[in-house]
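Novice: predicted coordinates and the sequence they were generated for:
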Amino acid sequence: MKHLLDIYSLSSETIKEILDLAENLKEVLERPIPKVPTLRGKLILLLFYEPSTRTKFSFERACKVLSADTLSFSTKGSSLEKGETILDTIKTLYALGVNLLIIRHSLSGTPHFLAKHLKIPVVNAGDGIHEHPTQALLDMLTVREKLGTLSDLKVAIVGDIKHSRVAHSDILGFQKMGAKVYVTGPAHLLPDPKEAEFFEVRKGCFKVCYKMEEALKEADVVIALRIQRERHGEPYIPTLQEYAENFGLSPKHLELIKEKALLMHPGPINWGVELSYEMEQYPFQVILDQVKNGVAIRMAILLKLLSGD
Ligand code: CP
């Protein structure tokens, strides 16, 4: 593995290797002093052109646990404000001795573009509406840990599928690991037939459902998504209240899903919109477990890309 750019190009064997490594690394995080010297002397650049809480801080935490040094780049106050291109910015930072770049950007494909021009590993921390591979990996780790398997599961993803990079990575990743993925939400925010063809990476294992009940029925895992209004050029949703009434998950949906089905959300959550406030008390809600697993997954990625360097 030279970079982590997307789930699309990962094999199921590589995904399993990453999940296994992350599972082993969780032991380090539970030690009284959670620190190992493995990446001492490595310099990691965190370049976040879009807001982030979970991804940025869990990458930072992963770097610190592995003893790597970090440089955190803020667009404000940098020479980008004077018109410097992103490629020149990164080449400049590379000249400072950076060993690995983690990037989040609003333009889909930015990590792929940079990977072509740089000699160091690039990690996609979310690119536009394309993919968010580390989120899908931590989602898969959480499900495997809680349910003991990823194969033969029904995973339902609810919401703004079109603009959700998390959904795109989850759709590909869960199928590659043997699950069936059903997506649902407002019809105009669902994949069109051509896109659906692209997302079906295992025959018969991906379905676009125009009726929410079909996606939720007997689901083992339900992933709720935030409405990505910052990525809507024009308003797709009349009001959030209307969205909540039609597509928000609430206790009435619990009778459709399996008895101990997991409820997940990549965050940030808009409580009262995609999830009703009562859903916070649902006993199989694992949202903070996802956040915790994010550190182990990101440690695994850094180790895979930098060990032997
Ligand atoms: N899930 C996720 O990407 O969250 P952040 O935007 O807070 O990083």
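Specialist: Arrived safely, thanks for sending.

Novice: buried sites along stretch 277-295?
Specialist: For stretch 277-295, burial by neighbour count (16 or more other Cβ atoms under 10 Å) applies to 279, 282, 284, 285, 286, 287, 289, 290, 291, 293, 294, 295. All C-beta spots, glycine's among them, are computed from the backbone N, C-alpha and C.

Novice: in helices, which of those residues appear?
Specialist: Taking DSSP state H as the definition of helices, these contribute 287, 289, 290, 291, 293, 294, 295.

Novice: just the terminal-to-terminal distance for stretch 147-155.
Specialist: Using Cα to Cα, to the nearest Å, one end of stretch 147-155 lies 12 Å from the other.

Novice: over to stretch 73-86?
Specialist: Taking Cα to Cα, stretch 73-86 runs 12 Å from one end to the other.

Novice: can you show me the strands along the stretch 101-250 of the chain?
Specialist: With strands called from DSSP state E, counting those that start in this stretch, the stretch 101-250 of the chain shows them at 122-127, 154-158, 180-184, 206-209, 221-224.

Novice: close to the ligand: what parts of the stretch 201-309 of the chain are there?
Specialist: Residues of the stretch 201-309 of the chain lying close to the ligand (Cβ under 6 Å from any ligand atom) are 266, 267, 268.

Novice: thought the last one was touching residue 52?
Specialist: Spelled out, that is residue 268. No - with contact defined as Cβ atoms under 8 Å, residue 268 does not count as touching residue 52 (9.5 Å).

Novice: and these two? Which one has more around it.
Specialist: residue 52 (16 against 10; other Cβ atoms under 10 Å).

Novice: let me see the contact set for that one.
Specialist: 104, 125, 126 (Cβ atoms under 8 Å, 6 or more residues apart in numbering).

Novice: what is the burial count for the residue in the stretch 201-309 of the chain positioned nearest to the ligand?
Specialist: When scored by Cβ to the nearest ligand atom, the stretch 201-309 of the chain has residue 266 as its residue closest to the ligand, at 3.8 Å. Applying other Cβ under 10 Å, we find 27 other residues in the vicinity of residue 266.

Novice: ok, residue 191 next?
Specialist: A count of nearby residues for residue 191, using other Cβ under 10 Å, gives 19.

Novice: now do residue 60
Specialist: Quick note: residue 60 (other Cβ under 10 Å) scores 18 neighbours.

Novice: of the ones in helices among the buried residues of stretch 277-295, which is the nearest to residue 18?
Specialist: residue 293 (11.7 Å; Cβ to Cβ).

Novice: quick one on the thing from earlier: nearest spatial neighbour of the residue of the stretch 201-309 of the chain closest to the ligand, skipping sequence neighbours?
Specialist: Closest residue to residue 266 apart from its sequence neighbours, by Cβ to Cβ, 6 or more residues apart in numbering: residue 166 at 4.4 Å.

Novice: if I look at the one you found, how far off is residue 177?
Specialist: From residue 166 across to residue 177, the span is 16 Å (Cβ to Cβ, to the nearest Å).

Novice: ok, those two, which is more surrounded?
Specialist: For residue 166 versus residue 177, the count of surrounding residues by other Cβ under 10 Å is larger for residue 166: 25 against 21.

Novice: was I right to think residue 139 contacts residue 266?
Specialist: Yes - under the criterion of Cβ under 8 Å, residue 139 makes contact with residue 266 at 7.3 Å.

Novice: how is the protein carved up into domains?
Specialist: Following automatic domain parsing, one finds the domains of the chain at 12-131+291-306, 133-286.

Novice: for the ones you listed, which one sits closest to residue 5?
Specialist: domain 12-131+291-306 (5.1 Å).

Novice: now do the closest one: distance to the chain's middle.
Specialist: Its chain's C-alpha centre and that of domain 12-131+291-306 lie 13 Å apart, by Cα atoms, centre = their mean, to the nearest Å.

Novice: measure that domain end to end?
Specialist: Terminal-residue distance, domain 12-131+291-306 (Cα to Cα): 21 Å.

Novice: who touches residue 199 in this structure?
Specialist: 168, 171, 172, 181, 191, 206.

Novice: and of these, the nearest to residue 250?
Specialist: residue 181 (22.3 Å).

Novice: state the pLDDT value of the closest one.
Specialist: Listed pLDDT for residue 181 reads 98.
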